[in-house]
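Build me a model from this:
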Amino acid sequence: MHTKFLYTIALLLVSFQLLVAQQSVSTYKYQWLNLGMSESPEKTQAFRWRTDTTSANAVIQFREDLPSPDLTINAKTINAISVTYNDYGIVKTYHKATLENLTPATKYIYRIGDGNQKWSEWFQFKTAKEQSSPFTFTYIADVQSGIVSHYPRVFRKSVEVCPESAFLLFSGDITERAEDEELNNFFYAMSWLPAMKPIVVVPDNHEYHVTPGIRSRTELASVWGHLFSYPQNAPDSLSRLGNYYFDYQGVRFIMMNSKAFSDYEKPYKYQVLEWLEDKLKNNPNSWTIIVHHQPMYSIADGRSGTTNQKYLKPPYDKYSVDLVLSGHDHGYSRIGLRGSKSKSGKINSPVYVVSVAGEQMYVSAYPDSCDRLASNTQLFQNVRINGNVLNFKTYDATGKLYDEFELIKKKSGKYMISKIPDYEERTELPISRKRKYTDEEWLQLEKHRQEYLGRITTK
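Below is the predicted model:
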């Protein structure tokens, strides 16, 4: 009888705890919740979010996912690290937490709260596998403008086309000025997804604040260090500017702040190159992907990539980097076969891709070196690595496949197979840029475009 009584009390206590937990769901007010990338994504997951200053402390509760609604049973709770910060007059409390010793290739469920019975909804995430294994990621460049008007359709279509993506990779310029309202819009546009899939971002020129009076971007946004979680595995002078690397299921990703590399003096450049060479030389992975915002070969009218070509191309070629992802030029280009002038399909240099997802478009320089080019077109990319094959697909905002290629590694070398869809390139001049040119200049640009079309039809 006594045992039955204790058992009944225990059931009532559990039921009461579940009732309290269920009643308090969604009462915790938060912003910018996102998963980050860690140095060991198979067993570690990092989180960032912010609240108003009334929530000085925060916790995260988690457990392995299960179909039952009894999610709090056997759930663990850990304290977040919280700091109140004033970012140009916007005072918020920023929280970060890291879950460690997780099981590889496992689905977890979690929620965040104030530690005092106020909780968010529950979210799921999945850890990476320990060994090399097939996976897909989504690559998005230059959100920057039209964040709530034009970018959301691209992002939603990317989720529809590529629901299996392990993480979302952004090559810089996620906003125009890295100010509070724009960052709110960036997270708003993606809704709940950053809370379930890691956000991998590298900063560049539009992550820098404009210095008053001189209209120059000289300082990385002070809030950047509170926004996203990324491995602190570069020297401190590089790490604080958003340089880092991580390994994911057989691929090494190296993320570089190309604005700092371009702007800073030679001592900084040499420090980056020393770090870069070490990560390329001591690389146990089969594939290497580098991400920096400013491209190796610019495709925008009036731009060049001479600094990157001088300093970065030699180590990329030396260590057989496979793929370089960029943005900055607000257009699309893929340079691989034509750039290498290979007739057999065998290539030694990386494939260089530039893309754009946001509203703002630039006039293309229409270089002959591109395997595929696009202007005035919003795009996203789906990249899949499976053993010795890397498949790269570019889709436009409507979900139509615009470009595709494969890299295949054999004993005899690396080969590229171009699978361009059978329809013409989108080369139209962006009418939104016409105001920046005189009528005569605009006519010359159209003439240049027609000359390009004439050249590529003869190849």
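
Please count neighbours and contacts with C-alpha atoms only from this point.
Fine.

first vs last residue of stretch 415-427, how far apart are they?
The first and final residues of stretch 415-427 sit 28 Å from each other (Cα to Cα, to the nearest Å).

so who does the residue positioned nearest the centre of the chain touch?
Nearest to the geometric centre of the chain sits L169, at 2.0 Å (Cα atoms, centre = their mean). By Cα atoms under 8 Å, 6 or more residues apart in numbering, L169 lies in contact with F137, T138, Y139, I140, I199, V200, V201.

Tell me the confidence at it?
Here, the pLDDT recorded for L169 equals 98.

so what's it bridging to?
Y139, V200 (DSSP bridges).

do the same with T98
Residues in beta-bridge contact with T98 (DSSP bridges): A46.

wouldn't it be in contact with R48 here?
No. Applying Cα atoms under 8 Å as the test, T98 and R48 come out as separate, 9.0 Å apart.

With neighbour numbers in mind, choose between these two.
R48 (23 against 18; other Cα atoms under 10 Å).

ok, that one to G36 distance?
8 Å.

can you tell me the helix or strand for F62?
strand 59-64 (DSSP states H and E).

how distant is that strand from the center of its chain?
Remark: strand 59-64 is offset 25 Å from the chain centroid, using Cα atoms, centre = their mean, to the nearest Å.

Tell me the helices and strands packed up against it.
strand 76-79, strand 107-113 (3 or more Cα pairs under 8 Å, 6 or more residues apart in numbering; DSSP states H and E).

Can you give the distance of the longest one from its chain's centre?
In terms of Cα atoms, centre = their mean, the centre of strand 107-113 is found 22 Å from the chain centre.

Output the contacting helices and strands for that strand.
By 3+ Cα pairs under 8 Å, 6+ apart, strand 107-113 packs against strand 59-64, strand 123-126.

nearest to S369, of those strands?
Set against S369 and scored by Cα to Cα, the helices and strands packed on strand 107-113 come closest in strand 123-126, at 40.0 Å.

can you list the residues that contact that closest one?
D65, A105, T106, K107, Y108, I109, Y110, R111, A195, M196, K197.

List the contacts of the fifth one.
This means Y108. Contacts of Y108 (Cα under 8 Å, 6+ apart): F62, R63, E64, D65, Q124, F125, K126.

if you set the cut-off to 6 Å instead, what comes out?
Contacts for Y108 (Cα atoms under 6 Å, 6 or more residues apart in numbering) come out as R63, E64, D65, Q124, F125.

and what of the second one?
With contact taken as Cα under 6 Å, 6+ apart, A105 is in contact with T127, A128, K129.

any weak-confidence spans in the stretch 301-450 of the chain?
Low-confidence segments of the stretch 301-450 of the chain (pLDDT under 70): 339-343.

Checking L102 next. Helix, strand or coil?
coil (DSSP: H, G, I helix; E, B strand; the rest coil).

Ramachandran angles for it?
The phi/psi pair for L102 (degrees, to the nearest 10) reads phi -80, psi 160.

wait, isn't it in contact with K43?
Yes. Judged on Cα atoms under 6 Å, L102 makes contact with K43 at a distance of 4.3 Å.

So which of the helices and strands packed on strand 107-113 is nearest P315?
Across the helices and strands packed on strand 107-113, P315 has its closest neighbour in strand 123-126 (34.2 Å, Cα to Cα).

can you dump the C-alpha coordinates of that closest one into CSV?
In CSV, the C-alpha atoms belonging to strand 123-126 read as follows (Å, rounded to 0.1, in the frame of the first residue of the first chain):
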residue,chain,number,x,y,z
PHE,A,123,13.3,22.9,-31.9
GLN,A,124,15.2,20.0,-33.5
PHE,A,125,18.8,19.6,-34.8
LYS,A,126,21.0,16.8,-35.9
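
quick thing: my sequence starts at 10, can you match it?
Got it, first residue is 10 now, which makes that one strand 132-135.

Quick one: distance of it to the chain centre.
18 Å.

And W284, what's its pLDDT?
98.

so how far is Q241 from it?
According to Cα to Cα, W284 stands 13 Å off from Q241.

now E139
Counting by Cα to Cα - E139 and Q241 are separated by 20 Å.

residues contacting the closest residue in space to Y306 that isn't next to it in sequence?
Nearest non-adjacent residue to Y306, counting by Cα to Cα, 6 or more residues apart in numbering: G314, 5.2 Å away. Contact analysis of G314 by Cα under 6 Å, 6+ apart lists M305, Y306, S307.

just to revisit the earlier point, distance of the residue nearest to the centre of the chain relative to R442?
Distance from L178 to R442, by Cα to Cα: 28 Å.

and which of the contacts of strand 132-135 is nearest to V100?
Distance to V100, by Cα to Cα, is smallest for A204 among the contacts of strand 132-135, at 22.5 Å.

List the contacts of the closest residue to that closest one other than its chain neighbours.
Distances taken as Cα to Cα, 6+ apart place N43 nearest to A204, at 4.5 Å, with adjacent residues excluded. The contact partners of N43, by Cα under 6 Å, 6+ apart, come to F56, R57, P203, A204.

Would you give the sheet partners of the helix or strand hosting N43, along with the direction of each?
Element membership for N43, per DSSP H and E: strand 40-44. Paired strands of strand 40-44, with direction, are strand 54-60 (antiparallel) (DSSP bridges).

For the partner strand, C-alpha coordinates in CSV please.
What follows is strand 54-60, C-alpha atoms only, in CSV (Å, rounded to 0.1, in the frame of the first residue of the first chain):
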residue,chain,number,x,y,z
GLN,A,54,26.5,22.2,-31.1
ALA,A,55,26.6,26.0,-30.3
PHE,A,56,23.7,28.4,-30.0
ARG,A,57,23.3,32.2,-30.0
TRP,A,58,20.3,34.4,-29.3
ARG,A,59,19.3,37.7,-27.7
THR,A,60,16.6,39.0,-25.4
